[in-house]
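# Would you be able to build a 3D model of this:
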Amino acid sequence: DLYRVYAIPALFLLDRTGIIRALNPGEEELTSLVEELLAEPPPEQEPPPEEVEVELPEVITPAEPILSLVFPERVGLLPGEANEVSVTLENSSQHLAEEITLQFSDLPEGVTGEPLQLEEFPGFSSRPLSLVLMGEPDLPPAEHPIKILLSYHYCIGDSCFKFSEEYPLVLAVGEAPQEQARPWNPWWLLILLGAGVALAWLVWGRGASALSLILLGIALLSLASGVYLGQARQAQLIGAVLCTSCVGIEEARHDQPRLSPDTQAALAKITRPLELVIFSTPWCHACPYAKAMLEEFSQANPLIRFREVNAEQEMDLARRHGVYRGGRLVIPAILHPETGRIIFGVEDLETRLLDLVQGE
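Residues are numbered from 1 along each chain as shown. I've put the predicted structure just below:
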């Protein structure tokens, strides 16, 4: 590289590492030096940093998938037509799932699919959904393995987790879509039996009145609406999960942190600069509190600095430091790059963060 400094003026010749190799060289000298520099081997690149296995502390609640998908194993698609693929999304936990995305992947050429997005999906709920597949008119008949991708995140207290799951199925191009029968619901039989018993009592029994007819109608309508809204299925989901999953739930922190005098005194004793890294995402509920705590530390001692990393955009860095592993993204997480130590969550954050910056 050649740099001309107009303020002097002067002409500098720098090598690949930025070292000045000549000042105001002549034409012949410049030609000779450039040939020598081009003949030199390129500098060795630093090896990539080794991945550090980090054991998650006990304060992190173990995360498990909360959404499941009921889907057909085989779908047909006629050339030049669209097919609505019916699926059922279920939430088997008490937690609210957010930013849910359903979409097809590995589609063959000439076939497109429309993604489906939901802002949120409440706990203990089930909902039928439709995904649309469209094919071009000149598609040849064939069978193709495709996938449905389900991605979402949810939070437990101050910890948030993101999941991505794949569901394989077969796309049969040239085969007419089959009508997907809905599962038989025994609650309708109970409604019919109840209506029959009530009518028999009214016809052959005694004491029939307008009030009894009204009460019977209200009861039947209530039962029918409950079945239509899926309350029976919701009750089954609640009964299956409440006995095992409703423990260890923490409240997210939304208040403004304030450092104690002891922490301020301890931070004042730090005499060398250090930089921390906080992993966060836009959907993390507790990340603003963790960032505010870092700002308090930085104000107490300007030698303490931090930078924020979007864990979704820098997934390799998050995976390297144990923030993302096994399909789980655990945030907020604060890393001390010099020591390799990392802390998760915001429970007792002031004490744990002070120990992090003081640790060697």
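# show me the contacts for residue 336.
The contact partners of residue 336, by Cβ atoms under 8 Å, 6 or more residues apart in numbering, come to 274, 276, 342, 356, 357, 359. Backbone N, C-alpha and C define where each C-beta goes, glycine included.
# Now with 7 Å, please.
276, 356 (Cβ atoms under 7 Å, 6 or more residues apart in numbering).
# Equivalent analysis for residue 356, please.
334, 336, 341, 343.
# Any idea what the closest residue to residue 282 other than its chain neighbours is bridged to?
Excluding the flanking residues, the one nearest residue 282 by Cβ to Cβ, 6 or more residues apart in numbering is residue 310, at 7.7 Å. Beta-bridge partners for residue 310, by DSSP bridges, are residue 280.
# Got the confidence number for residue 310?
On pLDDT, residue 310 comes in at 91.
# and if you look at residue 142?
Confidence score, pLDDT, at residue 142: 91.
# pretty sure it contacts residue 173?
Yes. Taking contacts as Cβ atoms under 7 Å, residue 142 lies within contact range of residue 173: 5.2 Å.
# Looking at the two now, which is surrounded by more residues?
residue 173 (19 against 10; other Cβ atoms under 10 Å).
# tell me which element residue 134 is part of?
strand 125-135 (DSSP states H and E).
# Give the other helices and strands that that strand contacts.
strand 82-91, strand 97-105, strand 111-114, helix 231-245 (3 or more Cβ pairs under 7 Å, 6 or more residues apart in numbering; DSSP states H and E).
# Which neighbours in the sheet does that strand have, and how are they oriented?
Partners of strand 125-135, by DSSP bridges, with direction: strand 82-91 (antiparallel), strand 111-114 (antiparallel).
# how about the ones you listed, which one is nearest residue 40?
strand 111-114 (52.4 Å; Cβ to Cβ).
# For that closest one, what does the pLDDT average out to?
So the average pLDDT for strand 111-114 ends up being 92.
# Could you check the angle the helix or strand following that strand makes with strand 82-91?
Using DSSP H and E, the helix or strand that follows strand 111-114 towards the C-terminus is strand 116-121. Orientation check (axes from the mean of the first three to the mean of the last three Cα atoms, to 10 degrees): strand 116-121 against strand 82-91 gives 20 degrees.
# just for the chain, where's the confidence low?
Across the chain, residues meeting the criterion (pLDDT under 70) sit at 1-9, 43, 45-63, 158, 179-254, 325-327, 360.
# again, only this time at 80
1-25, 40-63, 94, 156-160, 178-255, 283, 324-329, 359-360 (pLDDT under 80).
# Domains in it, by residue range?
2-39, 67-173, 186-245, 261-358 (automatic domain parsing).
# from what I can see residue 154 touches residue 66, true?
Yes. Counting by Cβ under 7 Å, residue 154 does reach residue 66; the two are 5.9 Å apart.
# Give the intersection of the neighbour lists for the two.
95, 97.
# out of the two, which sits in the more crowded spot?
residue 154 (25 against 22).
# Assign a three-state SS to that one, would you?
strand (DSSP: H, G, I helix; E, B strand; the rest coil).
# show me what contacts it?
With Cβ under 7 Å, 6+ apart, residue 154 has these contacts: 66, 95, 96, 97, 98, 161.
# Around the nearest residue to the first one once chain neighbours are set aside, how many other residues sit close by?
Nearest residue to residue 66 in three dimensions, chain neighbours excluded: residue 93, at 4.0 Å (Cβ to Cβ, 6+ apart). Under the neighbour criterion other Cβ under 10 Å, residue 93 is assigned a count of 22.
# As a markdown table, the strands paired with strand 125-135 with mean neighbour count and distance to residue 23 would be great.
Formatted as a markdown table, those follow (neighbours: other Cβ atoms under 10 Å; distance: least, Cβ to Cβ, whole Å):
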| stretch | mean neighbour count | distance to residue 23 |
| --- | --- | --- |
| strand 82-91 | 18 | 70 |
| strand 111-114 | 16 | 62 |
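# which one of those lies closest to residue 348?
Of all those, strand 82-91 comes closest under Cβ to Cβ, at 30.5 Å.
# Run through who's touching the closest one.
Taking Cβ under 7 Å, 6+ apart as the rule, strand 82-91 contacts 66-72, 75-77, 97, 121-134, 177, 180.
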